[in-house]
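Trainee: Provided below are the primary sequence and the corresponding predicted coordinates.
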Amino acid sequence: MAIILLSDVIGHQLINTQLLADQFAANGYLTVVPDLFFGNPVPLNPPAGFDIFQWLRDFPPERVDTVVQSTIEYLKRSEGITTIAAAGYCFGGKYVVRFLGKGVSVGYVAHPSMVDEAEFAGIKGPLSISAAGELNLAIS
């Protein structure tokens, strides 16, 4: 089994993200943390006037999906992995939901952001959600 760790907007170089990946690996899981932002994550301390909504325009689902899909394909083809789990934090949570049942067998998300109702309704597989407030879902 492998774990794909999908980061928040600060990206894969944040020490907290690396520590999570190290902990998963220390427990015996091949762990991969792809760069969802093509080398351009939100700075840890953004400059005054930083517009996150403008920044987000560079990372629509179609673009980020390519990173997640290629990571899944790499794990299956090059590493021989048959079972893939994914853990996503904030921004990354959306992509755990999008790929659950589509290459990802089981998922965990912490305070996922920008996940729409249709994405939640389309999941195929077990998903654990840690929400930081109300999570209003009307899925049948």
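Mentor: Okay, I see it.

Trainee: which residues touch the helix or strand hosting residue 55?
Mentor: Assigned by DSSP states H and E, residue 55 belongs to helix 52-56. Counting contacts by CB atoms under 8 Å, 6 or more residues apart in numbering, the residues outside helix 52-56 that touch it are 9, 42, 46. Placement of C-beta: from N, CA and C, glycine included.

Trainee: what pLDDT, on average, does it get?
Mentor: For helix 52-56, the mean pLDDT works out to 96.

Trainee: With stretch 118-129 instead?
Mentor: 91.

Trainee: now do stretch 132-140
Mentor: 59.

Trainee: For the chain, which segments count as helices?
Mentor: With DSSP state H, the ranges of helices along the chain come out as 15-26, 52-56, 61-79, 91-99, 117-121.

Trainee: ok so, going back, just the CA atoms of the helix holding residue 55, as PDB, please.
Mentor: The C-alpha trace of helix 52-56 is given here as PDB (Å, rounded to 0.1, in the frame of the first residue of the first chain):
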ATOM      1  CA  ILE A  52      -5.300  34.000  -2.800                       C
ATOM      2  CA  PHE A  53      -8.200  34.000  -5.100                       C
ATOM      3  CA  GLN A  54      -6.100  35.400  -7.900                       C
ATOM      4  CA  TRP A  55      -3.400  32.700  -7.100                       C
ATOM      5  CA  LEU A  56      -6.000  29.900  -7.100                       C
END
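
Trainee: Sort out which residues of it are buried, please.
Mentor: Neighbour counts over helix 52-56 (16 or more other CB atoms under 10 Å) mark residue 55 as buried.

Trainee: mind listing what residue 123 touches?
Mentor: The contact partners of residue 123, taken as CB under 8 Å, 6+ apart, are 97, 100-101, 107.

Trainee: swap that for residue 102, please
Mentor: By CB under 8 Å, 6+ apart, the neighbours of residue 102 are residue 124.

Trainee: Phi, psi for it please.
Mentor: With angles defined as degrees, to the nearest 10, residue 102 sits at phi -130, psi 50.
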